[in-house]
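Q: model this:
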Amino acid sequence: MKVDVQEIKSFQRKIREFYRQHGRELPFRLIDDPYAVTVSEIMLQQTQVDRVLPKYRAWLKKYPTWKKLSLASNKSILASWSGLGYNRRALYLKSIAEIIIEKYHGVMPSDIKELKQLPGIGEYTSHAILIFAFNKRLATVDTNIRKALLSEFNLPPDTSDSEIQELAQLVLPKTKIRQWHYALMDFAKTLPKEIHLIYKNKYKQSKFDGSIRQIRGEIIRQLTTQPFITHKDIAKITKRTETDIAQAVSDLQKDKIIIIKEDKIYLQK
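A: Here you go, the predicted model:
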């Protein structure tokens, strides 16, 4: 991808000036601790910032280190996660903590290949951890950064991920890499509604009310307050069909969150 040097410089000035005037001060932007950064990045996957903030603060208070988290029970972790959705992310964090303690002696690796081998850490999150925790000069692209780049460089919505990544690398400044990414994310929030509507269907999450996710969340919520639950209990609480309940239970089994013994559902330890 070819971009004029002056165009890049103009774009960088625009984004930096925007961030100086309108950048958000968020607690996970004020730290570079790999543990806290990883917690924030996993929490922010598919979840809005305003929902993450209180959970993030409470989580770090209860589990301030990899060691504390590695020793916590699944029940405790899922109770702390309740309300964020996609509960397997909480168990990913516990698994990561166990690996960090056992394999890396409590020190998170700063090699991208090793990061990608950790549960729940993919392309974007591995780059984000290296940028925000280790101050690496890399470019990473989430949905908001993609919107900002496509809008400012007048690119079609179907521009490939590889082209967007190439562009993100081209416009990357030499310094203040963390702030640059924060600025792009915040800038994207101010784009016209029409820009966001383009991506609404592509990145839209399914409706929560009446979804299988809602049943899964209720099953986990119940299991954090009692030792087991039955299909009959779930049906009474959720008033959903047996087919939907069976699907929710099956999904939780596949994610290794629950186990079934003698028709009773338990959290997996």
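Q: and stretch 139-147, what's its mean pLDDT?
A: Over the span of stretch 139-147, the pLDDT mean works out to 94.
Q: List the buried residues in that stretch.
A: Buried positions in stretch 139-147, judged by neighbour count with 16 or more other C-beta atoms under 10 Å: 139, 140, 141, 142, 144, 145, 146, 147. Heads up, the C-betas are built off the backbone N, CA and C, glycines and all.
Q: Equivalent analysis for stretch 113-121, please.
A: Along stretch 113-121, these residues count as buried under the neighbour rule (16+ other C-beta under 10 Å): 115, 118, 120, 121.
Q: which one is residue 7 nearest to, not counting chain neighbours?
A: residue 153 (7.8 Å; C-beta to C-beta, 6 or more residues apart in numbering).
Q: mind listing what that neighbour touches?
A: By C-beta atoms under 8 Å, 6 or more residues apart in numbering, residue 153 lies in contact with 3, 7, 11, 167.
Q: Mind checking which of the buried residues of stretch 113-121 land in helices?
A: Applying DSSP state H to the buried residues of stretch 113-121, the entries found in helices are residue 115.
Q: Can you report how many residues lie near residue 98?
A: Neighbour count for residue 98, taken as other C-beta atoms under 10 Å: 15.
Q: Quickly note the distance from it to residue 77.
A: Distance, residue 98 to residue 77, using C-beta to C-beta, to the nearest Å: 12 Å.
Q: just residue 5 next, same as before
A: Remark: distance between residue 5 and residue 77 (C-beta to C-beta) = 49 Å.
Q: Compare those two and say which is more crowded by neighbours.
A: residue 77 (22 against 8).
Q: is it true that that one touches residue 92?
A: No - look at residue 77 against residue 92 with C-beta atoms under 8 Å: they stay out of range, at 10.3 Å.
Q: any low-confidence regions in the chain?
A: 194, 196-206 (pLDDT under 70).
Q: what's the closest non-adjacent residue to the most centrally placed residue in it?
A: In the chain, the centroid-proximal residue (C-alpha atoms, centre = their mean) is residue 45; its distance is 1.9 Å. Nearest in space to residue 45, with sequence neighbours left out and distances taken as C-beta to C-beta, 6+ apart, is residue 89 at 6.3 Å.
Q: and if you look at residue 246?
A: With C-beta to C-beta, 6+ apart as the criterion, residue 246 has its nearest non-adjacent residue at 7.8 Å, and that residue is residue 231.
Q: what about that neighbour, neighbour count?
A: With other C-beta under 10 Å as criterion, residue 231 counts 16.
Q: what do you get for the one 4 residues further on?
A: Using other C-beta under 10 Å, the number of residues around residue 235 comes to 15.
Q: Figure out the helix or strand that it lives in.
A: According to DSSP states H and E, residue 235 maps onto helix 231-238.
Q: Show me which positions of that helix end up buried.
A: 231, 234, 238.
Q: out of those residues, who's nearest residue 25?
A: Nearest to residue 25 among these: residue 238, at 39.6 Å, using C-beta to C-beta.
Q: if we can go back for a sec, was I right about the residue nearest to the centre of the chain contacting residue 121?
A: No - if you go by C-beta under 8 Å, residue 45 and residue 121 don't touch, sitting 9.9 Å apart.
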